[in-house]
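Asker: Let's see this in three dimensions:
(chains A and B)
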Number of protein chains: 2
Amino acid sequence: METKEYDLIVIGAGPVGENVADRATAGGLRTVIVEEELVGGSCSYWACVPSKALLRPHGVLSEARAVAGAREAAAGDLDIPAVLRRRDAAVGDWDDTGQADWLSSAGIDLVRGHGELIAPRRVRVAAADDTVTLLAARHAVAVCTGSAPRVPAELADIQPWTSRDATSAHELPASLAIVGGGVVACELATAYAGLGVRVTMIVRSGLLGRVEPFAADAVRDGLETLGVDLRLPAAVAEAHRTEKNAVLTLDDGSRVVAEQVLAATGRIPRTSDLGLENVGLVPGDWLAVDDTLRVEGTDWLYAVGDVNHRVLLTHQGKYQGRAAGDVIAARARGGDVDAAPWGAHVATADHAAVPQVVFTEPEVAAVGLTAAQAQDAGHPVRVLDVDLASLAGAAARADDYRGRARAVVDDDRGVLLGATFAGAGVADLLQAATIAVVGEVPLQRLWHAVPSFPTLAEVWLRWLEAYGRESALTTRR
Amino acid sequence: METKEYDLIVIGAGPVGENVADRATAGGLRTVIVEEELVGGSCSYWACVPSKALLRPHGVLSEARAVAGAREAAAGDLDIPAVLRRRDAAVGDWDDTGQADWLSSAGIDLVRGHGELIAPRRVRVAAADDTVTLLAARHAVAVCTGSAPRVPAELADIQPWTSRDATSAHELPASLAIVGGGVVACELATAYAGLGVRVTMIVRSGLLGRVEPFAADAVRDGLETLGVDLRLPAAVAEAHRTEKNAVLTLDDGSRVVAEQVLAATGRIPRTSDLGLENVGLVPGDWLAVDDTLRVEGTDWLYAVGDVNHRVLLTHQGKYQGRAAGDVIAARARGGDVDAAPWGAHVATADHAAVPQVVFTEPEVAAVGLTAAQAQDAGHPVRVLDVDLASLAGAAARADDYRGRARAVVDDDRGVLLGATFAGAGVADLLQAATIAVVGEVPLQRLWHAVPSFPTLAEVWLRWLEAYGRESALTTRR
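Answerer: Just a heads-up that it's a prediction; the model follows:
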């Protein structure tokens, strides 16, 4: 059988693989991308995009209902079929023609089927119709297969929903039990409760483990306001189904009965059937990489996105993908590699400035280090807390606005190490903090970055007031 | 009569005067503030705060109606009395007790009445009850009296509304003719049209003169969508009142009949009755200042906020106020003055990074230089335009989202000079651009400031893609 040769083979055509392929192609490499499901990946069809589509209608209605005068105009019921149709439109009815066309227009070849490494730089692709394609890479192979939901043993027998089912459902259950307390669990609890489903969450140990505690508390309050029944701390001891329902027995002996169960208990790498054993690696493992996204111990294999376990977020995977595509192209042509921190060929932000938005009610947005992380890392930490309700911009936005924002400052260097916001509409406040962290902009300079009145951005002013300004007696002339 | 002596006399207790007084007091100066109306100033009672309160209910309802599923739930009518009550609450029913208490808690004395300079460092305050207080300043006097609406001669006879009346009205006219096309005119046209008033705008030459043309176009489209009748270019030739209405004859001979007329045709300095003639200055003039906000030719007089005509925006006046309060304190104690660009005692951002949000539908947010301004200033300009509708965050936010964003880049230095956004919800995108401009963060570093997916902040990614990344061949190792 003929083997088709390329400079670069990318396995997985989600947003991450698309970015690797796009940058490498722009850098002059002949590139092929292998995909066994839909071009565009989980994010486009079964994760970020449909979950936000399910969240937004209730979210924006809550914003309107928080404003006297508008509240009275927004007192109707959500149109659930319209919400679901809008979600279907957001995922393009699970048709990837447009995305496949984009690959073609970008000069990237597509081979549909399941890709497997059969030797270094060699990939075998088996299509659903049993067609086999053999691919060889002159320079590199990039694994961008992402991650899959982990279904815990105690739920395996009842075949629970995963986030994939919950984001693509066309009929809503009357009741939903969600096992887990991370971002996926909190967002889908918010979405389903907002759509009128009776939601119970069974959470082992605290919501949103890695965010600032005040943000987790705000999400907890928000879920309770939406009527979510929170069982915390609790775990499922046994699960079975009756004709109509699933019955979960918790470790305290109590029971949760729900029409459907969603397992949102973490992710596993999609590496078990990639032929890793044929290139000296262990199937089912996360793939450890250096800051150029190259798998340790190889000079040809890259792992980008969830699969390298650095940061399991689409936007961060895309960021890695841009660096990886560029560095693969640079190495292929024997060019310089810009691998110093914050260089073009490394994913430095993975360590210092990962942004994340949790689209709950209220939203949580965070970047960089939490106070606890900064202290653990040995930074001289100063914490600045602001009650967002004190801002004119909050009062303008909503009656009885509730929210809070924390800045974590390196007190020696006078720069921001991290920031966390919790409150309605804080998602769009995040990029300013990300730029301040990444740009290492001195706080004394930030006094000149005037926030517009009256907007929530005035949180910056409160932070600076709490931090204080260089005294005239001690400053340069 | 006894003269009370202070280190600093501040005339005008709006947000600007409050900031000057607060910083100077924190710097150790005995400070008195003079106010003839309400402590808190126009912004709190007759401008920013009530106008945003009038805008928000319709604005947030429009956001809900842009989302299928929520649209059906938000089909009711705005509750106009509730909107007006909410506006009343936002301005504290025009009672300044809370703000006066804050002054007291900050250790700032308040003298109510009209302040007038009678000699250098000498102020005479005449209260409404004819009480007179004589004040002397050991160090400085700061004029923070702001600006007032300019009523053009052709409207003087019909005594039109000014923004003060429009933001504080308790009964809505059936129809409103607005003369002017600046920020006040556009915001109040949006507010009143949103509240169901039939609005006609008479605009001499283009909306929002100083913003990027595409942003002005977006506001124009938005006003027309709200049903505003735009007469442009047009001017009022003659005006008179009938029993029920005002009748405006335009320069093309056409007529506009409206129950009420709003003059939104610019601002004049509030300096005509300050006794400027007693200190060698001209009453009614704007007060020209240096970057430390000190009036040129004096060593004791400061003019801060609108009255110096640098930037007529509350937040920028507050920013100037912080610098002025600090530098007055520094000079009083013979300390160092930090007057280098971006130092603690100068308002450098007035020249380089003035942010502004126009709360129309859609919103406009801008900072720094427009493309035209950057070219005129001789910068090597590169313009990056992005259609916001192409972002996943836009589709998540609203169906048929329309918006656009422009970055203006100094192509030699590789930094942002300015940015303009037009679209729903762009107000909160602005601070990121402001920090990038003020921090002079290199665009190559901004590749590491990852925007969260799916949010509107991904506009940064599109800008960077349009700008391009340093090639691996040309970069540092």
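Asker: OK, contacts around residue A:295?
Answerer: Taking C-beta atoms under 8 Å, 6 or more residues apart in numbering or on different chains as the contact definition, residue A:295 lies against A:143, A:281, A:287, A:288, A:289, A:301, A:302, A:303. Yep, even glycine has a C-beta here, placed from its N, CA and C like the rest.
Asker: cool, and residue A:427?
Answerer: Residue A:427 makes contact with A:357, A:359, A:363, A:365, B:452, B:455, according to C-beta under 8 Å, 6+ apart.
Asker: Show the contacting residues for the fifth one.
Answerer: Each residue near residue B:452 by C-beta under 8 Å, 6+ apart is listed here: A:313, A:315, A:355, A:356, A:357, A:365, A:427, A:430, A:431.
Asker: Separate out the buried members of the contacts of residue A:427.
Answerer: A:357, A:359, A:363, A:365, B:452, B:455 (16 or more other C-beta atoms under 10 Å in any protein chain shown).
Asker: Neighbouring strands - and their directions - for the helix or strand encompassing the first one?
Answerer: In this structure, residue A:357 sits in strand A:355-358 according to DSSP states H and E. Note on strand A:355-358: by DSSP bridges, its sheet partners are strand A:363-368 (antiparallel).
Asker: that older thread, can you tell me which of the contacts of residue A:427 lies closest to residue A:307?
Answerer: Of all the contacts of residue A:427, the one sitting nearest residue A:307 is residue B:452; the distance, using C-beta to C-beta, is 20.4 Å.
Asker: about what we covered before: want to try CSV for the contacts of residue A:427, with pLDDT and distance to residue A:41 as columns?
Answerer: Listed next are these as CSV, based on pLDDT from 0 to 100; distance: C-beta to C-beta, whole Å:
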residue, pLDDT, distance to residue A:41
A:357, 98, 19
A:359, 98, 19
A:363, 98, 24
A:365, 98, 24
B:452, 96, 17
B:455, 96, 19
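Asker: For whichever residue of the stretch 101-250 of chain A sits closest to chain B, list the residues it contacts.
Answerer: Residue of the stretch 101-250 of chain A nearest chain B, by C-beta to the nearest C-beta: residue A:195 (9.1 Å). Remark: with contacts taken as C-beta under 8 Å, 6+ apart, residue A:195 is in contact with A:54, A:58, A:78, A:80, A:83, A:172.
Asker: out of the residues you listed, which one sits closest to chain B?
Answerer: Among the contacts of residue A:195, residue A:83 lies closest to chain B (C-beta to the nearest C-beta), at 3.4 Å.
Asker: Just the pLDDT at residue A:472, thanks.
Answerer: The predicted local distance difference test score for residue A:472 is 38.
Asker: same deal with residue A:1?
Answerer: Model confidence at residue A:1 (pLDDT) stands at 79.
Asker: so what's it closest to, chain neighbours aside?
Answerer: Taking C-beta to C-beta, 6 or more residues apart in numbering or on different chains as the measure, residue A:1 lies nearest to residue A:134, with 5.6 Å between them; neighbours along the chain are not counted.
Asker: Tell me which strands the strand ranked longest in chain A pairs with, and in which orientation.
Answerer: Among the segments of chain A that qualify as a strand by DSSP state E, the longest is strand A:132-143. Strands that pair with strand A:132-143, judged by DSSP bridges, come out as strand A:3-11 (parallel), strand A:122-126 (antiparallel), strand A:301-303 (parallel).
Asker: So which of these is the most surrounded?
Answerer: Per-stretch averages of neighbours, counted by mean count of other C-beta atoms under 10 Å in any protein chain shown, single out strand A:301-303 among the strands paired with strand A:132-143, with a mean of 27.
Asker: Quick check: what element follows it along the chain?
Answerer: Later in the chain than strand A:301-303, the nearest helix or strand by DSSP H and E is helix A:314-332.
Asker: roughly how far is the helix or strand just after that following helix from the heart of the chain?
Answerer: Following the chain from helix A:314-332 toward its C-terminal end, the next helix or strand by DSSP H and E is helix A:349-352. The chain centroid and the centroid of helix A:349-352 are separated by 15 Å under C-alpha atoms, centre = their mean, to the nearest Å.
Asker: Reformat the contacts of residue A:427 as JSON lines; add distance to residue A:15.
Answerer: Rendered in JSON lines, the data for those read as follows (distance: C-beta to C-beta, whole Å):
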{"residue": "A:357", "distance to residue A:15": "16"}
{"residue": "A:359", "distance to residue A:15": "18"}
{"residue": "A:363", "distance to residue A:15": "22"}
{"residue": "A:365", "distance to residue A:15": "20"}
{"residue": "B:452", "distance to residue A:15": "13"}
{"residue": "B:455", "distance to residue A:15": "14"}
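Asker: quick revisit: check the residue nearest to residue A:1 and give its pLDDT.
Answerer: 98.
Asker: Also the one 4 residues further on?
Answerer: Looking at residue A:138, its pLDDT reads 98.
Asker: and the gap between the nearest residue to it once chain neighbours are set aside and chain B?
Answerer: Take residue A:138 and drop its neighbours on the chain: the residue closest to it by C-beta to C-beta, 6+ apart is residue A:7, 5.0 Å away. Separation of residue A:7 from chain B (C-beta to the nearest C-beta, to the nearest Å): 15 Å.
Asker: Who are the contact partners of residue A:7?
Answerer: If a contact means C-beta under 8 Å, 6+ apart, then residue A:7 has A:24, A:29, A:30, A:31, A:137, A:138, A:139, A:140, A:332 as its contacts.
Asker: just to revisit the earlier point, which one of the buried ones among the contacts of residue A:427 is nearest to residue B:185?
Answerer: Ranking these by separation from residue B:185, with C-beta to C-beta as the measure, puts residue B:455 on top at 31.5 Å.
Asker: Would you agree that closest one is in contact with residue A:357?
Answerer: Yes: Residue B:455 sits in contact with residue A:357 when judged by C-beta atoms under 8 Å, with a separation of 6.2 Å.
Asker: Mind listing the shared neighbours of those two?
Answerer: In the contact map built from C-beta under 8 Å, 6+ apart, the residues linked to both residue B:455 and residue A:357 are A:427, A:430.
Asker: For the residue nearest to residue A:138, give its distance to residue A:250.
Answerer: According to C-beta to C-beta, to the nearest Å, residue A:7 stands 54 Å off from residue A:250.
Asker: same check, this time on residue A:82
Answerer: With distances defined as C-beta to C-beta, the gap from residue A:82 to residue A:250 amounts to 36 Å.
Asker: quick one on the thing from earlier: what's the ChimeraX syntax to select whichever of the contacts of residue A:7 are buried?
Answerer: Per 16+ other C-beta under 10 Å, the buried members of the contacts of residue A:7 correspond to this ChimeraX selection:
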select /A:24,29,30,31,137,139,140,332
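Asker: Of all the strands paired with strand A:132-143, which one is nearest residue B:438?
Answerer: Smallest distance to residue B:438 across the strands paired with strand A:132-143 (C-beta to C-beta): 37.0 Å, for strand A:301-303.
Asker: residues contacting the closest residue in space to residue A:133 that isn't next to it in sequence?
Answerer: The shortest distance from residue A:133 to any non-neighbouring residue, by C-beta to C-beta, 6+ apart, is to residue A:125 (4.3 Å). If you count contacts by C-beta under 8 Å, 6+ apart, residue A:125 has them with A:34, A:111, A:112, A:113, A:114, A:115, A:116, A:132, A:133, A:134, A:135.
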